[in-house]
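Undergrad: okay, structure incoming, though there's no sequence with it:
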């Protein structure tokens, strides 16, 4: 299996995990976007911007050969409503999905520069992306519980929005 094929297979599963993350963002009470459900940590809005903002930052970075840091403070300041936040999530997923579809084996095997004085092969950024997403999605679960909201079941992919739901198996 080529690096692109292996990454595409993992991305397909990741797509379903992102759907659960989106459902978590949808569950944030509209009046608590800027609250601090966990002392001295990000607000729910800041956490979701970090959670979804890293998707295009890293995927497009691998495609470009260089990760560019986003101005998260400016993004957070521009989000005023839960609908704005959900639009941001959708936009981030779309950018990351398009970048991932455009990858070649060369992109995944080539060194990618970062603004953090660190370089690694492109595939390593996808591994980090998966780990980071799940880590911060777990934080969002804790936030939701602190806000009195029951988060979606971790593997309830069938209730994801259609673009994140399991796809029908293709006949052999």
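TA: That came through fine. Quick caveat: nothing in here was measured; it's all calculated off a predicted structure.
Undergrad: let me know the secondary structure of the residue nearest the centre of the chain.
TA: Against the mean C-alpha coordinate of the chain, by C-alpha atoms, centre = their mean, the closest residue is residue 52 at 3.8 Å. Under DSSP: H, G, I helix; E, B strand; the rest coil, residue 52 falls in the helix class.
Undergrad: for residue 47, same thing?
TA: On the basis of three-state DSSP, residue 47 is classed as helix.
Undergrad: OK, contacts around residue 29?
TA: Under the criterion of C-beta atoms under 8 Å, 6 or more residues apart in numbering, the neighbours of residue 29 are 147, 149. Where you see a C-beta, it was placed from the backbone N, CA and C, and this is true even at glycine.
Undergrad: can you pull the pLDDT of it?
TA: Per-residue pLDDT puts residue 29 at 98.
Undergrad: then the one 4 residues further on?
TA: At residue 33 the predicted local distance difference test score is 98.
Undergrad: what's around the closest residue to it other than its chain neighbours, how many residues?
TA: Nearest residue to residue 33, sequence neighbours excluded (C-beta to C-beta, 6 or more residues apart in numbering): residue 45, at 4.3 Å. Look at residue 45: counted by other C-beta atoms under 10 Å, it has 24 neighbours.
Undergrad: so who does residue 45 touch?
TA: Here residue 45 is in contact with 28, 33, 34, 76, 79, 85 (C-beta under 8 Å, 6+ apart).
Undergrad: buried among those residues? Make that a PyMOL selection.
TA: Restricted to buried positions by 16 or more other C-beta atoms under 10 Å, the PyMOL selection for those reads:
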select buried, resi 28+33+76+79+85
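Undergrad: among the contacts of residue 45, which pair sits farthest apart?
TA: With C-beta to C-beta as the measure, no two of the contacts of residue 45 lie farther apart than 28 and 76, at 13.7 Å.
Undergrad: tell me which stretches of this structure form strands.
TA: 111-113, 119-121 (DSSP state E).
Undergrad: turn those into TSV, including mean pLDDT.
TA: Shown next, in TSV, are the strands of the chain (pLDDT from 0 to 100):
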stretch	mean pLDDT
strand 111-113	98
strand 119-121	97
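Undergrad: including mean neighbour count and distance to residue 13, could those strands go into TSV?
TA: Below are these laid out as TSV (neighbours: other C-beta atoms under 10 Å; distance: least, C-beta to C-beta, whole Å):
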stretch	mean neighbour count	distance to residue 13
strand 111-113	16	22
strand 119-121	15	21
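Undergrad: no further queries at this time; thank you.
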